[in-house]
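*Asks:* got a predicted model here, sequence first, then my questions.
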Amino acid sequence: MTKLRHLLDCLSNHLPRIAEEGNYSTSIPTEQLIKSVIGETNCPQDYCRGVLELLAQHWVALGLLDREKLKSDEWQFQSFPASLMARGMLDVLSWKNPQLESSEWWQDTRNVDLNREVLADFEERRANFSDVQPPKPTRKVQAAWALIKLEGRLLFNLREDGYRSLRANFVPIGGKLNLEDLESAFPDSTVEERLEWQQNAKIERIEKALEFTLKRELVEELKLRPGEHYAFRKILELPPFQKLDGGRANHAHTLYHIQCYFIELTEEGFRRVCRQIIGKPEEFLWATPTEITRGKQGDRRLYVDALRKGIGPKPSNQFKKIPESIDVPVNFEGEVDLPCEGQEVLLHGRTGQEQRAQIELSKLQIELLQGLGWHRLHSVSHPLSAAKGVILHPKGWIEIGKELKDLRNSFFELGNQCERAGLPILEGDDSGWFRLSANPGKLYFGEPFFRLETVHPDEKIYQLCLHVDEVITPIGKIPRSTLIIDKVIESVYKELGRILSGEETMSEKDLTSLFKQYLTRKSRPLGLRIPIRHKKGRYFTNCN
């Protein structure tokens with residue numbers, strides 16, 4: 001090192017000159033510079049040439065030397081300040097203990113944000129001036145993502161380094177591979193080997209270790225244990241994905257290798273997930289396929305670039321193919337009409353053959369059925385406002401606190417009544433979890449629950465709106481809502497208008513078939529069995 005410091009120290013006297021004022025500057029050929037340094041230091045020629053080539057490469061990168069001159073082996077500074085920077089750097093590098101910052105600066109946690117800014121600025125400059133795009137990644141990350149899907153939505157949580165404005169802050173459940181995961185997969189390996197596998201992306205080693213990453217992250221984030229709470233299988237391997245990104249100050253052009261695993265929950269696992277995330281909107285969110293395609297939910301941004309790039313131009317279609325993480329069978333597969341004001345009966349059976357259940361329902365029981373039915377069908381798009389002591393969970397489940405003993409007993413009593421009538425549609429247990437155990441595609445509200453309105457918002461858009469008034473139930477408030485049946489053809493739209501106005505239909509077409517195709521097929525998932533009925537040659541509705 002003494003030889004190098006001596007070379008750097010004397011080099012400053014032989015560098016080209018440039019005037020502080022006025023347009024005066026000199027240039028020096030590389031060979032002349034080498035001869036001057038050799039004459040003063042007696043260093044070997046190849047040694048001097050190597051040091052000068054490295055300095056030239058560095059100073060051109062910083063914009064200190066004239067790039068075009070250097071192509072002709074001429075050293076010339078771009079400006080007087082550039083020459084000051086170069087000479088100052090030479091002086092620091094020639095010290096016995098060169099230092100421009102404390103040795104703790106990069107590891108002091110108080111400097112995380114500043115370190116990140118420095119790295120981000122450097123990496124952006126590197127990308128702007130690189131001959132290849134994207135530039136060579138200096139960081140390699142391998143990750144396991146757990147795809148937990150309930151009610152058509154995927155679960156995301158806040159990134160480990162927390163919220164950053166204008167950044168994608170929410171990622172699928174999971175995280176990065178670490179050396180401990182590699183050690184679990186390869187217990188006889190050394191730290192040096194594991195570091196090399198991780199940082200050089202030795203995929204054949206990493207893939208085996210990512211299962212340990214998955215299990216560890218599910219314990220840390222959701223307290224889920226394999227076997228007891230879930231089973232898993234690899235469902236998707238994303239192609240290598242590069243992005244300028246990183247948690248905390250680890251900000252660099254990063255090459256990601258991501259394995260996606262489908263998580264199949266047990267019933268206990270499902271309940272544990274529900275309990276872990278409830279009341280934590282700042283930490284967890286459920287994202288629909290549309291939100292994933294857009295990359296955001298409201299003002300919360302989703303880290304899905306790798307997913308979107310890996311599965312093609314229509315990611316929402318691919319997300320829909322991911323199965324639900326739990327599919328609890330229902331107790332009753334038949335069609336059921338829940339009671340409502342003006343139609344206080346519980347009906348069941350095929351359309352046109354509905355039967356009245358032999359149950360005398362109280363006002364409270366009608367409200368309980370309405371609240372459960374709404375939560376079962378519309379918890380995603382038009383959620384209930386939960387009553388105090390009631391927790392709303394996915395898949396139609398609600399949880400009633402121990403302090404609401406009377407409400408729990410009301411559910412048990414209602415469930416027993418329904419079962420005695422041959423309609424085991426209410427499911428619950430002593431832990432306070434209850435739901436309507438009926439197929440959502442065959443669960444309807446009484447027709448007077450809805451008010452129908454035809455809407456023509458655009459020249460080529462025809463819709464039927466199903467309006468629902470606000471309803472207060474013991475488990476929560478059903479919000480005032482409008483459910484939309486869209487893509488109604490013009491002829492059906494016009495006949496609808498006549499029927500809702502009490503007029504005779506004008507079309508000679510088979511309206512029953514058209515209504516079934518454009519209305520009934522779309523209204524049933526919304527909870528309306530049949531918007532327009534037909535009897536004795538007359539079309540009418542039982543809705544308001």
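*Replies:* That came in fine, so what should we check first?

*Asks:* which residues sit against the longest helix that the chain contains?
*Replies:* Assignment by DSSP state H gives helix 203-222 as the longest helix of the chain. For helix 203-222, contacts defined as CB atoms under 8 Å, 6 or more residues apart in numbering pick out 142-144, 146, 157, 173-178, 180-182, 184-186, 197-198, 224-226, 230, 232, 257, 259, 261, 263, 272-273, 276-277. Quick note: C-beta positions are derived from backbone N, CA and C, even for glycine.

*Asks:* what angle do the helix or strand following it and helix 203-222 make?
*Replies:* With elements assigned by DSSP states H and E, the helix or strand that comes after helix 203-222 is strand 230-237. Angle, strand 230-237 to helix 203-222, by axes from the mean of the first three to the mean of the last three CA atoms, to 10 degrees: 130 degrees.

*Asks:* mind listing what's buried in strand 230-237?
*Replies:* The neighbour-count check on strand 230-237 (16 or more other CB atoms under 10 Å) flags 230, 232, 236 as buried.

*Asks:* so where's this structure shaky on pLDDT?
*Replies:* 1, 161-166, 312-316 (pLDDT under 70).

*Asks:* what pairs with the longest strand along it, parallel or antiparallel?
*Replies:* Longest strand of the chain, by residue count under DSSP state E: strand 252-265. Here strand 252-265 is paired, per DSSP bridges, with strand 139-147 (parallel), strand 230-237 (antiparallel), strand 241-245 (antiparallel).

*Asks:* let's have these in TSV, adding distance to residue 369.
*Replies:* As requested, these are exported to TSV (distance: least, CB to CB, whole Å):
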stretch	distance to residue 369
strand 139-147	34
strand 230-237	32
strand 241-245	48
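
*Asks:* looking at these, which is nearest to residue 534?
*Replies:* Closest to residue 534 of the strands paired with strand 252-265, according to CB to CB: strand 139-147, at 44.8 Å.

*Asks:* what comes into contact with the closest one?
*Replies:* Contacts of strand 139-147 (CB under 8 Å, 6+ apart): 154, 171-177, 198-201, 206, 210-211, 213-214, 217-218, 232, 235-236, 246, 250, 252-263, 322, 325.

*Asks:* as CSV, could you dump the C-alpha coordinates of it?
*Replies:* What follows is strand 139-147, C-alpha atoms only, in CSV (Å, rounded to 0.1, in the frame of the first residue of the first chain):
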residue,chain,number,x,y,z
ARG,A,139,-28.6,-7.4,-5.7
LYS,A,140,-30.4,-10.7,-6.1
VAL,A,141,-33.4,-11.7,-4.0
GLN,A,142,-35.3,-15.0,-3.9
ALA,A,143,-38.8,-14.9,-2.4
ALA,A,144,-41.7,-17.2,-1.6
TRP,A,145,-45.2,-15.8,-1.9
ALA,A,146,-48.3,-17.5,-0.3
LEU,A,147,-51.4,-17.0,-2.4
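
*Asks:* number of nearby residues for residue 123?
*Replies:* Number of residues near residue 123 (other CB atoms under 10 Å) recorded here: 20.

*Asks:* residues in contact with it?
*Replies:* 244, 251, 252, 253.

*Asks:* the third one touches residue 118, doesn't it?
*Replies:* No: using CB atoms under 8 Å, residue 252 is not in contact with residue 118, being 11.4 Å away.

*Asks:* for these two, work out which one has more neighbours and name it.
*Replies:* Set residue 252 next to residue 118 and count neighbours by other CB under 10 Å: residue 252 wins out with 21 against 15.

*Asks:* the more buried one and residue 133, how far apart?
*Replies:* 16 Å (CB to CB, to the nearest Å).

*Asks:* next one: residue 284
*Replies:* Distance, residue 284 to residue 133, using CB to CB: 35 Å.

*Asks:* what about these two, which has more around it?
*Replies:* residue 284 (19 against 8).

*Asks:* check contacts around the nearest residue to the more buried one once chain neighbours are set aside.
*Replies:* The shortest distance from residue 284 to any non-neighbouring residue, by CB to CB, 6 or more residues apart in numbering, is to residue 277 (4.1 Å). Listed by CB under 8 Å, 6+ apart, the contact partners of residue 277 are 155, 222, 283, 284.
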